[in-house]
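K.L.:
The following comprises the amino acid sequence and a computationally predicted model.
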Amino acid sequence: MLNSFYAKLSGLFLVMIVGLGIVLAVLGGRTAQRYADEVEQKLNRTLAQEMVPRFEPLLKDSIDRAGIREKITDMTGINRRIEIYLLDRQGELKASFASSATAIDQQRIDMAPIRRFMSGDDLPILGDDPRDQGEHKPFSVAHIEIMGRKQCYLYVILGSEQYASVAGMIEDSYIIQGALIGFGLILLVVAGLGLLLFRRLTQRLRHMQHVVANFEQGHFDQRIDEGANDEIGQLAACFNRMADTLVETMEELRQADRMRRELVANVSHDLRSPLASIQGYLETVHMKDGDLDSDERQRYVKTALRNAQRLNDLVGELFELSKLETEQVEPTIESFPIAELVQDIVMQYEPQAEAQAVELRAELPEHHARVEADIGLVERALSNLIDNAIHYTPEGGHVRVLLTNRERAVRVEVEDTGPGIPEDDLPHIFERFYRVDKSRDREKGGAGLGLAIAKTILELHDRTLEVESTVGEGTTFRFSLPLVASPTRSS
Ligand code: ADP
């Protein structure tokens, strides 16, 4: 508890308040005393002057102490707090008349304050007190003639010993006591309010600490109430943003981990089936070697070879995709006539289309636009799309490859009249190993990598591969390539 931020802050604050109280009380006391001195001196400024005519007759030939005392007794009846001294022109004490019995401990009085008083300087001016060396008190002074010597002084100490200390003055004054009590109460109220305020402020910090601790324990949905937009609120907002980023990153990592597991599972599954098949056929050939006629042996070996080819294709595709995805392939951008490329690929696929009784047609714009792309990669992507279109389109269907000139781009579309892709599957067909009809396609040899490769190739060109499909009607894959800035005709 004592170690808490609140305790430290409050402790410091209380020490400051008490310190401030003491400083202000001392300053206030001093000021009050100086003010009292000033008032006393101003009220009695001419006191010495008024006494001179009464005392001078008693100082003609000698100092008539008895006579003077008598006069003083008369006067101290009016003002008891005065002490009277007779000084020569150097400030040497000639005689003293005081109501108090305290001994004289200073025989010579500093003349500087006396001179300032005589020349009419601003009050208060404090002078030496012969009965209290080192103390300075308000006084009144006037010239007086002592035994024919004119430049002597009648020096009257006002207030005597009564206010020698601040403590003494406080003790004596109800007003000062009242003021001090009032001041103390104000300090108490300020201290109380300060502590309440600190409590409120540190409460927000405690709330933050609580939430952060919970977050650390794994409650990742915990967030801090930001409250006011001050430094604490901004810190809370920072933490909340950091927590969001952390949760997002964790989710991404989880997702990546899940995808990695799926990939390993898919790859092992897809590698295992052709491998098992190869092994099966080769074992049969090996074990029944004598029983097999040459046709049968040929058939088994051919099937094993076909599976080996499948395996080879699959590993090749996987390797290709991984290179594309890890961006080890840097597209070599060049300008080429897209129509010619389409024509070439269509020609390559004609035999396959014919074999499946699918009509394959290229519809190309009249003049041959040149695009800027990696010709090898675009060929790979387009081949995958055309291959799929022919592969999934049933006998008697059509596959069209269309080129359309657009503003600063050429649009390439591969359109088929195949079975179409269900709406639910559409968002997933570009994922690795995703097949709409899993069982059938695996047997047919499709690994579910062709579209992933095509999409990644277009992404490397900062382009997107789009798909539009209606079940029972057909599918269209579409992308565009940038036109060369000033198109030229192909040779
Ligand atoms: P595959 O090697 O299985 O063809 P792809 O990545 O090329 O893998 O395609 C993913 C899936 O998308 C296919 O399994 C298929 O179900 C679906 N598909 C792709 N092209 C077409 C198309 N033209 N018509 C219908 N379905 C298609």
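P.N.:
Nice, I can see it. Numbering: from 1, shown residues only.
K.L.:
measure K60 to the ligand for me?
P.N.:
137 Å (CB to the nearest ligand atom, to the nearest Å). All C-beta spots, glycine's among them, are computed from the backbone N, C-alpha and C.
K.L.:
Count residues in the vicinity of that residue, would you?
P.N.:
12 (other CB atoms under 10 Å).
K.L.:
Hmm, G127 and Q106 touching each other?
P.N.:
No - Q106 is not in contact with G127 according to CB atoms under 8 Å; the separation is 11.0 Å.
K.L.:
Name the residue in these two with the higher neighbour count.
P.N.:
Applying other CB under 10 Å to Q106 and G127 shows that G127 carries more neighbours, namely 27 against 15.
K.L.:
Would you double-check that the more buried one falls in a strand?
P.N.:
Yes - secondary structure assignment places G127 in a strand (DSSP: H, G, I helix; E, B strand; the rest coil).
K.L.:
In contact with it: list those residues for me.
P.N.:
Contacts here follow CB atoms under 8 Å, 6 or more residues apart in numbering; on that basis G127 touches 109-110, 113-114, 117, 136-139, 141, 155, 157.
K.L.:
Most neighbours out of the residues you listed, which is it?
P.N.:
That'd be F139 among the contacts of G127, by other CB under 10 Å, with 30 neighbours.
K.L.:
Just give the nearest non-adjacent residue to that one, would you?
P.N.:
G127 (4.4 Å; CB to CB, 6 or more residues apart in numbering).
K.L.:
OK, contacts around the closest residue to the ligand within the stretch 1-150 of the chain?
P.N.:
Per CB to the nearest ligand atom, F5 is where the stretch 1-150 of the chain lies closest to the ligand, at 60.0 Å. Neighbour list for F5: 202, 205 [criterion: CB under 8 Å, 6+ apart].
K.L.:
For A276, give its distance to D270.
P.N.:
11 Å (CB to CB, to the nearest Å).
K.L.:
of those two, who's got more company?
P.N.:
Under the neighbour definition other CB under 10 Å, A276 and D270 were set side by side, and D270 has more, 21 against 11.
K.L.:
Quick check, that one in contact with L314.
P.N.:
Yes - the pair D270 / L314 is scored as a contact, 5.8 Å apart, by CB under 8 Å.
K.L.:
Need the overlap of contacts for these two.
P.N.:
Counting by CB under 8 Å, 6+ apart, the common neighbours of D270 and L314 are A447.
K.L.:
measure Y300 to I125 for me?
P.N.:
Distance from Y300 to I125, by CB to CB: 132 Å.
K.L.:
Equivalent analysis for S4, please.
P.N.:
Here the criterion is CB to CB. By it, S4 lies 55 Å from I125.
K.L.:
which non-adjacent residue is nearest G376?
P.N.:
T332 (7.6 Å).
K.L.:
Surely that neighbour touches E372?
P.N.:
No - using CB under 8 Å, T332 is not in contact with E372, being 10.8 Å away.
K.L.:
about what we covered before: how close does the residue nearest to G376 get to I84?
P.N.:
118 Å.
K.L.:
helices or strands up against the helix or strand hosting N312?
P.N.:
Using DSSP states H and E, the element containing N312 is helix 294-325. Counting contacts by 3 or more CB pairs under 8 Å, 6 or more residues apart in numbering; DSSP states H and E, helix 294-325 is packed against helix 231-287, helix 450-460.
K.L.:
Could you list the buried residues of the helix or strand that that helix is followed by?
P.N.:
Sequence-wise, the next helix or strand downstream of helix 294-325 (DSSP H and E) is strand 334-337. By neighbour count with 16 or more other CB atoms under 10 Å, strand 334-337 contains the buried residues 335-337.
K.L.:
Nearest to the ligand, out of these: which one, please.
P.N.:
Distances from the ligand to the buried residues of strand 334-337, taken by CB to the nearest ligand atom, are shortest for F336, at 24.5 Å.
K.L.:
For the closest one, give me its contacts.
P.N.:
370-371, 373, 375.
K.L.:
So which of the residues you listed belong to helices?
P.N.:
Under the assignment DSSP state H, those contribute I375 to helices.
K.L.:
Flag the least confident of the contacts of F336.
P.N.:
Lowest pLDDT of those: R370, 91.
K.L.:
tally of neighbours for that residue?
P.N.:
21.
K.L.:
Can you pull the domain assignment for the chain?
P.N.:
Domain assignment for the chain by automatic domain parsing gives 44-172, 231-325, 334-489.
K.L.:
Distance to L188 for these - can I get that in CSV?
P.N.:
Listed next are the domains of the chain as CSV, based on distance: least, CB to CB, whole Å:
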stretch, distance to L188
domain 44-172, 19
domain 231-325, 28
domain 334-489, 70
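K.L.:
Comparing those domains by mean pLDDT, which bottoms out?
P.N.:
Looking at those, the bottom one is domain 44-172 with a mean of 82.
K.L.:
ok, for the residue sitting furthest away from the middle of the chain, nearest residue in space, not its chain neighbours?
P.N.:
Distance to the chain centre peaks in the chain at D61, reaching 92.8 Å (criterion: CA atoms, centre = their mean). Residue nearest to D61 in three dimensions, not counting chain neighbours: M147, with 6.3 Å by CB to CB, 6+ apart.
K.L.:
so how far is D289 from the residue lying closest to V285 once chain neighbours are set aside?
P.N.:
Computed as CB to CB, 6+ apart, the closest residue to V285 that is not its neighbour in sequence is Y300, at 5.0 Å. According to CB to CB, Y300 stands 10 Å off from D289.
K.L.:
Which one's more surrounded, the two?
P.N.:
Y300 (19 against 9).
K.L.:
how about that one, what does it touch?
P.N.:
Per CB under 8 Å, 6+ apart, neighbours of Y300: 281-282, 284-285, 292.
K.L.:
mind redoing it with 6 Å?
P.N.:
281, 284-285 (CB atoms under 6 Å, 6 or more residues apart in numbering).
K.L.:
what's the distance between it and the ligand?
P.N.:
26 Å.
K.L.:
got the residues of this protein near the ligand?
P.N.:
384, 388-389, 392, 416, 418-419, 421, 429, 434-437, 441, 446-452, 475 (CB under 6 Å from any ligand atom).
K.L.:
Which ones among these lie within strands?
P.N.:
416, 475 (DSSP state E).
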